[in-house]
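Enquirer: Sequence first, predicted model second:
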Amino acid sequence: MSLTIDKNAGWQEIEVHPRRHRPDGVSGWIGRGLLALARLLSSILTYAGSFVVFNGLVVAAVLVPVWTHLAGLTWVAVAEAVVTAATFVAWLVIASDSFDRWVTSPLRIWWRRRRYFRNWADLMVAANLTVKKRSHKRVAPRLVFVRHGRFSDVLSVRLPSGITRAAFSDRLEELTETMHAREARVVPAPRWHLPAWMARVLPAEFRRDDKARTVFVRLAFGDPLVHVQAPATAGSDVDLSAVPIGKRDDGGRWLVNLLGTHTLLAGATGSGKGSVLWSILAGIGPAIRDGLVQVVGLDPKGGMELGFGRELFRQLVTMDGSEAEEEAVSFLEGLADEADRRASLLAGYARTLEPSTAMPFILVVIDELASVTAFISDSKRQKRAEAALGRLLTKGRAPGMHVIGALQDPRKEVVRWRDLFPTRIGLRLVEASQPDMVLGDGARDRGARCEEIAETSPGVGYVVEDGSRAVSRVRAAYLTDDDIRQLAQTFRPGPVLHSIDGGAA
Ligand SMILES: Nc1ncnc2c1ncn2[C@@H]1O[C@H](COP(=O)(O)OP(=O)(O)OP(=O)(O)O)[C@@H](O)[C@H]1O
């Protein structure tokens, strides 16, 4: 028996009819034809009506010349059409963002909405996402609301009893294909963008659309990350809780928080770890120059990566001399002692540090976290290094110390350190088991397909932010070697008022 869906029954209740009989005689065929015509007209009117509602500006731009033509002023109508077209082209060239907001975006929204609502019921039946009620009616997940973005939409879908989130999540591939999306994934409830005063007074539970049985699916279209991203020009005010370092795949800026957290950065060789590191340093450049941030680094590969911008570093340990091992261990122990010292200074006064030139924020860059201990052959020193790193990671967050631990080859041992890094970034990785190792259990299922990132897109990756299970796709800005040299020259720190080993310079 073939099934047809009565779409007029609404999006949740789907009536499933057996195949209709062939009409009897000519009058039957005429009746069937008229019904089909009425349906066609009604959908044309619905689409045209919604087009007018969503695309007022475009409709007005077309209707004015048409109306002038109908009024008998054909040459005036032609002139109006030419001027309007020229204005639109000029607008697109001069202010493409506002053109997108007022012209392309409404068109895109209309087109995508039309596709969602037209295909939803068919998709639910085809994907076997319907359940039978006692009344024998079939019900399916209902598409309740769509939040539109330029490169992605978030669909709020209400699930009927009998269909679980897991069952729905299993059919995301069908959803991706039917809706012509690049990818679909289940995401946490989106936050409402409320005015600041309202967000302050409204209890947290009202701020999230977290209803039971509602699942949120993000459909991504196009890819704003295919192009290499230029670094943002750092303003004089640096906000360490939101440093711009690239782009997100919803078209927004990728902002990293350095306060109260540490960052684990993993990626195979050539995946673009350097671009993340340098973008962060570029984003906080003015604060380095003004002495509010001190950068120190440990580069077990002899300074190949970090050496380019050596002037930005207050201290850079490259592990290349005869005393390399002892130097690396002392470096880590010095930082761990500083974390202890700061924690006891702050105890009872404040929970987090407000950076100043007297007590600057310290950014510790460790280029190859896994090999820091592996490079140390002496087992006693190895233990000292591990203990110091553990102490720095546990105690350093609140008193203004941030560790960026870069990693090339995430192995099981990394999981031990992972939980001490609340912010995690996974660039291209080589095995499907690695995204979970780096980003946390279940991250790959939530969309972090690091092993599928093409070698031709260095700097692209997935990020899990502090306190959130959500996975975002991002691309770091790219700084050429010349950009890095220029950065180091522009923002090289001035005289040091305070040094991490306690002395004054
Ligand atoms: N964000 C980016 N955008 C565009 N191209 C990039 C980006 N990052 C890196 N690249 C390109 O990829 C190359 C390799 O990048 P990079 O050296 O940063 O990788 P890596 O992960 O640090 O590798 P390794 O671990 O071997 O040092 C760079 O020389 C550059 O050409």
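Expert: Here it is on my side, so go on.
Enquirer: contacts and neighbour counts: CA atoms only from here.
Expert: Noted.
Enquirer: Run through the strands of the stretch 51-200 of the chain in chain order.
Expert: 131-132, 138-139, 142-148, 152-158, 183-187 (DSSP state E, counting those that start in this stretch).
Enquirer: The first one packs against which elements?
Expert: The contact analysis (3 or more Cα pairs under 8 Å, 6 or more residues apart in numbering; DSSP states H and E) places strand 131-132 against strand 138-139.
Enquirer: can you redo the strands of the stretch 51-200 of the chain as a markdown table with distance to the ligand?
Expert: Converted to a markdown table, the strands of the stretch 51-200 of the chain look like this (distance: least, Cα to the nearest ligand atom, whole Å):
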| stretch | distance to the ligand |
| --- | --- |
| strand 131-132 | 47 |
| strand 138-139 | 47 |
| strand 142-148 | 27 |
| strand 152-158 | 22 |
| strand 183-187 | 22 |
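Enquirer: Tabulate those strands (TSV), appending mean pLDDT, mean neighbour count and distance to Leu37.
Expert: Listed next are those as TSV, based on pLDDT from 0 to 100; neighbours: other Cα atoms under 10 Å; distance: least, Cα to Cα, whole Å:
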stretch	mean pLDDT	mean neighbour count	distance to Leu37
strand 131-132	88	16	31
strand 138-139	87	21	27
strand 142-148	90	16	27
strand 152-158	92	21	32
strand 183-187	87	20	35
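Enquirer: okay if I get those as TSV plus distance to Ser330?
Expert: Output for the strands of the stretch 51-200 of the chain, formatted as TSV (distance: least, Cα to Cα, whole Å):
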stretch	distance to Ser330
strand 131-132	65
strand 138-139	66
strand 142-148	52
strand 152-158	48
strand 183-187	44
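Enquirer: Nearest spatial neighbour of the residue of the stretch 401-505 of the chain found nearest the ligand, chain-adjacent residues omitted?
Expert: Distance from the ligand to each residue of the stretch 401-505 of the chain (Cα to the nearest ligand atom) is smallest for Gly459, at 3.5 Å. In this structure, Gly459 finds its nearest non-sequential neighbour in Gly272, 4.4 Å apart by Cα to Cα, 6 or more residues apart in numbering.
Enquirer: Looking at the strands of the stretch 51-200 of the chain, spot the one closest to Arg213.
Expert: Evaluated over the strands of the stretch 51-200 of the chain, closeness to Arg213 peaks at strand 152-158, with 5.8 Å, by Cα to Cα.
Enquirer: Now do the same contact list for Ala339.
Expert: 391-392, 395-396, 399, 401 (Cα atoms under 8 Å, 6 or more residues apart in numbering).
Enquirer: ok, 6 Å please
Expert: 395-396 (Cα atoms under 6 Å, 6 or more residues apart in numbering).
Enquirer: And it, how far from the ligand?
Expert: 28 Å (Cα to the nearest ligand atom, to the nearest Å).
Enquirer: Helix, strand or coil: sort out that residue for me.
Expert: With DSSP: H, G, I helix; E, B strand; the rest coil as the basis, Ala339 sits in helix.
Enquirer: Against Lys247, how distant is it?
Expert: Going from Ala339 to Lys247 by Cα to Cα, to the nearest Å gives 32 Å.
Enquirer: Assumed Val403 was part of a strand.
Expert: Yes. Counting by three-state DSSP, Val403 is located in a strand.
Enquirer: Just the pLDDT for it.
Expert: Val403 carries a pLDDT value of 94.
Enquirer: State the number of residues packed around it.
Expert: Val403 is flanked by 23 other residues according to other Cα atoms under 10 Å.
Enquirer: I figured it was touching Ile366, is that so?
Expert: No. Val403 is beyond contact range of Ile366, at 7.3 Å (criterion: Cα atoms under 6 Å).
Enquirer: quick one on the thing from earlier: and Gly260, which of the strands of the stretch 51-200 of the chain is closest to it?
Expert: With Cα to Cα as the criterion, Gly260 lies closest to strand 183-187 of the strands of the stretch 51-200 of the chain, at 24.8 Å.
Enquirer: quick one: that closest one to chain centroid distance?
Expert: 12 Å (Cα atoms, centre = their mean, to the nearest Å).
Enquirer: now swap in stretch 463-476 and tell me
Expert: 6 Å.
Enquirer: Can I get that stretch in PDB, CA atoms only?
Expert: What follows is stretch 463-476, C-alpha atoms only, in PDB (Å, rounded to 0.1, in the frame of the first residue of the first chain):
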ATOM      1  CA  VAL A 463      36.200  24.300  19.700                       C
ATOM      2  CA  VAL A 464      34.600  23.400  23.000                       C
ATOM      3  CA  GLU A 465      34.400  26.300  25.300                       C
ATOM      4  CA  ASP A 466      34.700  26.500  29.000                       C
ATOM      5  CA  GLY A 467      31.500  25.300  30.700                       C
ATOM      6  CA  SER A 468      29.700  24.300  27.500                       C
ATOM      7  CA  ARG A 469      29.200  21.000  25.800                       C
ATOM      8  CA  ALA A 470      28.500  22.800  22.500                       C
ATOM      9  CA  VAL A 471      31.000  22.300  19.700                       C
ATOM     10  CA  SER A 472      31.600  25.200  17.300                       C
ATOM     11  CA  ARG A 473      33.500  25.100  13.900                       C
ATOM     12  CA  VAL A 474      36.000  27.800  13.500                       C
ATOM     13  CA  ARG A 475      39.000  29.000  11.400                       C
ATOM     14  CA  ALA A 476      41.900  30.900  12.900                       C
END
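Enquirer: Give the buried residues for it.
Expert: Residues of stretch 463-476 classed as buried under the neighbour-count rule (16 or more other Cα atoms under 10 Å) are 463-466, 469-476.
Enquirer: Then stretch 336-347?
Expert: For stretch 336-347, a neighbour-count test (16+ other Cα under 10 Å) marks 336-343 as buried.
Enquirer: For the ligand, state which of those is nearest.
Expert: Relative to the ligand, and with distances defined as Cα to the nearest ligand atom, the nearest of the buried residues of stretch 336-347 is Ala336, at 26.0 Å.
Enquirer: Sticking with that closest one, tell me its helix or strand.
Expert: Per DSSP states H and E: Ala336 is located in helix 324-346.
Enquirer: Could you tell me how many residues sit around the closest residue to the ligand within the stretch 1-150 of the chain?
Expert: Relative to the ligand, the nearest point of the stretch 1-150 of the chain is Arg150 (21.9 Å; Cα to the nearest ligand atom). Neighbours of Arg150 under the rule other Cα under 10 Å: 20.
Enquirer: what does Gly270 give?
Expert: Gly270, neighbours per other Cα under 10 Å, totals 15.
Enquirer: Skip the chain neighbours and tell me the closest residue to it.
Expert: Take Gly270 and drop its neighbours on the chain: the residue closest to it by Cα to Cα, 6+ apart is Pro458, 6.8 Å away.
Enquirer: next one: Gly400
Expert: Using Cα to Cα, 6+ apart, the closest residue to Gly400 is Phe361 (4.9 Å).
Enquirer: can you check Leu255 too?
Expert: Once flanking residues are discounted, Leu255 sits nearest to Pro244: 4.4 Å by Cα to Cα, 6+ apart.
Enquirer: what are the pairing partners of whichever strand or helix holds that neighbour, and which direction each?
Expert: Per DSSP H and E, Pro244 falls inside strand 243-248. In the sheet, strand 243-248 lines up against strand 253-256 (antiparallel), strand 471-476 (antiparallel) (DSSP bridges).
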